[in-house]
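[1] Test case, fold it:
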Amino acid sequence: MNPGAYKKYNQVQIKTANRSKLVVLLYQGAIRFMKKSILHIEQKDMEGKGKALIRAQDIILELTYALDQDLLSKNDPLTQNLQRLYLYSYRRLLHANLHLEIEPIEEVIKIMQGLLAAWEQVVEGNSDESENSDADVGGIRLGLTG
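    Have a look, this model is predicted:
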């Protein structure tokens, strides 16, 4: 597939995804950019490393901003734990970027892969519902705002 067609496919996929699927796409993107950053560090490509890590950091910030502020203010444990994980992951990627270390990136990849697996189960569990439905687990809208 040529790069232009791939980009258009991704844009259509994002525009038609429900919230749960969008979160899965964000996790997949963050993981992809972190893996690229490791390759760039190994190849001594500091510009490529920086760009890839910044993209991963931007995605993690987007996930953080998407958390439902009402649930956070009500001290919802799931939402607070997600926020803590996102902020920790963001700080670890900052550290990796500044110190050219692969270990913190690998650590965050593992965190994101665990969260991705959980969200994939949510998406799979909601596959019978309409495409534009919101995921709801235990009465919690998974901490995402509309």
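[2] Please tell me how far Lys74 sits from Val123.
    Using Cβ to Cβ, to the nearest Å, Lys74 is found at 25 Å from Val123. In this view, the C-beta of every residue, glycine as well, is placed from N, C-alpha and C.
[3] just Asn75 next, same as before
    27 Å.
[4] circling back: neighbour count: Lys74 and Val123, which is higher?
    Val123 (17 against 10; other Cβ atoms under 10 Å).
[5] Would you agree that one is in contact with Tyr27?
    No: the pair Val123 and Tyr27 fails to qualify as a contact (Cβ atoms under 8 Å) at a distance of 10.9 Å.
[6] Touching both of the two, which residues are there?
    Counting by Cβ atoms under 8 Å, 6 or more residues apart in numbering, no residue touches both Val123 and Tyr27.
[7] Farthest from the middle of this protein: give me that residue.
    Within the chain, Lys44 marks the point farthest from the mean C-alpha position, 25.6 Å out by Cα atoms, centre = their mean.
[8] Tell me the secondary structure of it, please.
    Following DSSP: H, G, I helix; E, B strand; the rest coil, the label given to Lys44 is coil.
[9] What pLDDT does the model give it?
    At Lys44, the pLDDT value in this model is 96.
[10] Over to Gly4?
    For Gly4, pLDDT reads 64.
[11] Glu124 too?
    84.
[12] what's the helix or strand for it?
    Using DSSP states H and E, the element containing Glu124 is helix 103-125.
[13] Give me the buried positions along that helix.
    Using 16 or more other Cβ atoms under 10 Å as the test for burial, helix 103-125 gives 104-105, 107-109, 111-112, 115-116, 119-120, 122-123.
[14] Put together a markdown table for these, with distance to Leu63 on each row.
    Listed next are the buried residues of helix 103-125 as a markdown table, based on distance: Cβ to Cβ, whole Å:
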| residue | distance to Leu63 |
| --- | --- |
| Pro104 | 18 |
| Ile105 | 17 |
| Glu107 | 17 |
| Val108 | 12 |
| Ile109 | 15 |
| Ile111 | 12 |
| Met112 | 9 |
| Leu115 | 9 |
| Leu116 | 11 |
| Trp119 | 10 |
| Glu120 | 15 |
| Val122 | 14 |
| Val123 | 15 |
